[in-house]
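Trainee: Got a sequence here, can you build the structure:
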Amino acid sequence: MSASSTPAFAPLAGVRVLSLALNLPGPAALMRCRAMGATCLKFEPPSGDPMAHYNRAAYAALHEGVRVATADLKSEAGLAQLHQALDQTEVLLTSFRPSALAKLGLGWEALQARHPALSQVAIVGAPGERAEEPGHDLTYLAECGLVTGTELPPTLYADMGGALLASEAVLQAVFHARTKPGSGIHLEVALNAAADWLALPRSWGLTQPTGAVGGAHAGYRVYACADGRVAIAALEPHFAARLCEAAGLGVQDMMAPATREALAAWLQTRTRAELEAVARERDVPLLTLAG
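Mentor: Residues are numbered from 1 along each chain as shown. Predicted coordinates for the structure are as follows:
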């Protein structure tokens, strides 16, 4: 099933979601809503969504099954077009700063007065008074300790985590509407809060270098092998025992540096094919990777 296809259980079937959100978090949230059965409409400015210009493939994937229309919200005609659509909408998804929405006459109080049954899920960078601050995925990750060197993170964790929280908020808005018919709710989703959520294991020490899943446990690491790399997740005692047995090490203290060194030496002598055979034969969770 693709990321945007409708599953057998579609909790948002019959729900109409309209999005004004550009770039990644909003469209990714809309993609999740579409996957849960929502009817999705997106209004884009005449210049289009920036994502369509710098990564057309990503834009296409994000908008599969979404009806896209053009509306200049800085014009009376564009606003009229939007309000007409909002008359038939359950949830509005935005990613503007609050001041930008206010300038367009789309602040929450104005929306509620004109569309009392409408709910809004507002994606912002940071919550409350900080919603006007500029920021991006990288700054939100850095703020919560998820940027540990000079390398860029391998994916956009705050944006994608925020998209999941936003789709969750759409579900909350629909539940609200069903318990209080005719009344909408305003829900704010902050991308830095999504980063904070993803960072919790690190704040607990789990993924710190001294943590069991941060590199201290010999059975939960990425090692070099003879012709590439191997990601090993032999965290539980029975998996760790099977790994050590395969390496001819016997019972080991998996938190000891000597165990890591012994496993590293053994793995460097084994090919990816040999290690994949070990995984099959001994039921050890590992995945080999190219060098």
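Trainee: starting at the chain centroid, how far to stretch 113-120?
Mentor: 27 Å (C-alpha atoms, centre = their mean, to the nearest Å).
Trainee: ditto for stretch 35-55
Mentor: Put simply, stretch 35-55 sits 17 Å off its chain's centre (C-alpha atoms, centre = their mean).
Trainee: distance between the ends of it?
Mentor: Using C-alpha to C-alpha, to the nearest Å, one end of stretch 35-55 lies 22 Å from the other.
Trainee: For this structure, which segments count as strands?
Mentor: 16-19, 39-44, 67-70, 91-94, 119-124, 186-190, 220-225, 228-233, 286-289 (DSSP state E).
Trainee: Just give me how far the first one sits from the chain centre.
Mentor: Which is strand 16-19. 19 Å.
Trainee: swap in the last one?
Mentor: A distance of 24 Å separates the C-alpha centroid of strand 286-289 from that of its chain, computed with C-alpha atoms, centre = their mean.
Trainee: Then the fourth one?
Mentor: Averaged C-alpha coordinates place strand 91-94 at 18 Å from its chain's average position (C-alpha atoms, centre = their mean).
Trainee: residues making contact with it?
Mentor: Under the criterion C-beta atoms under 8 Å, 6 or more residues apart in numbering, residues 15-21, 26, 29-30, 33, 86, 101, 106, 111, 118-123, 166, 170, 173-174 lie in contact with strand 91-94. C-betas here are computed from N, CA, C, even on glycine.
Trainee: can you do 6 Å?
Mentor: 17-21, 26, 118-122, 170, 173 (C-beta atoms under 6 Å, 6 or more residues apart in numbering).
Trainee: How about stretch 230-243?
Mentor: Contacts of stretch 230-243 (C-beta under 6 Å, 6+ apart): Gly219, Tyr220, Val222, Tyr223, Met254, Leu275, Arg282, Val284, Pro285, Leu286, Leu287, Thr288.
Trainee: Tell me the one of those nearest Arg67?
Mentor: Closest approach to Arg67 among the contacts of stretch 230-243 (C-beta to C-beta): Leu287, at 39.4 Å.
Trainee: how about the contacts of strand 91-94, which pair is most distant?
Mentor: Pairwise distances across the contacts of strand 91-94 (C-beta to C-beta) peak at 16.7 Å, for the pair Gly26 and Leu118.
Trainee: Looking at these two, which one has more neighbours?
Mentor: Just comparing Gly26 and Leu118: by other C-beta atoms under 10 Å the higher neighbour count belongs to Gly26, 26 against 22.
Trainee: Pretty sure the more buried one sits against Ala122.
Mentor: No: with contact defined as C-beta atoms under 6 Å, Gly26 does not reach Ala122; the gap is 10.1 Å.
Trainee: So what's the residue count around the nearest residue to Ala224 once chain neighbours are set aside?
Mentor: Excluding the flanking residues, the one nearest Ala224 by C-beta to C-beta, 6 or more residues apart in numbering is Gln268, at 5.7 Å. By other C-beta under 10 Å, the residues close to Gln268 number 11.
Trainee: Please tell me how far Ala13 sits from Leu187.
Mentor: Using C-beta to C-beta, to the nearest Å, we find Ala13 at a distance of 21 Å from Leu187.
Trainee: swap in Leu152?
Mentor: From Leu152 over to Leu187 the distance is 30 Å, taken as C-beta to C-beta.
Trainee: would you turn the strands of the chain into CSV with mean pLDDT and mean neighbour count?
Mentor: What follows is the strands of the chain, written out as CSV (pLDDT from 0 to 100; neighbours: other C-beta atoms under 10 Å):
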stretch, mean pLDDT, mean neighbour count
strand 16-19, 98, 23
strand 39-44, 98, 20
strand 67-70, 98, 13
strand 91-94, 98, 26
strand 119-124, 98, 25
strand 186-190, 98, 20
strand 220-225, 98, 18
strand 228-233, 98, 17
strand 286-289, 98, 16
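Trainee: could I get those strands as JSON lines with distance to Ala57?
Mentor: Shown next, in JSON lines, are the strands of the chain (distance: least, C-beta to C-beta, whole Å):
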{"stretch": "strand 16-19", "distance to Ala57": "20"}
{"stretch": "strand 39-44", "distance to Ala57": "18"}
{"stretch": "strand 67-70", "distance to Ala57": "16"}
{"stretch": "strand 91-94", "distance to Ala57": "22"}
{"stretch": "strand 119-124", "distance to Ala57": "23"}
{"stretch": "strand 186-190", "distance to Ala57": "26"}
{"stretch": "strand 220-225", "distance to Ala57": "28"}
{"stretch": "strand 228-233", "distance to Ala57": "27"}
{"stretch": "strand 286-289", "distance to Ala57": "24"}
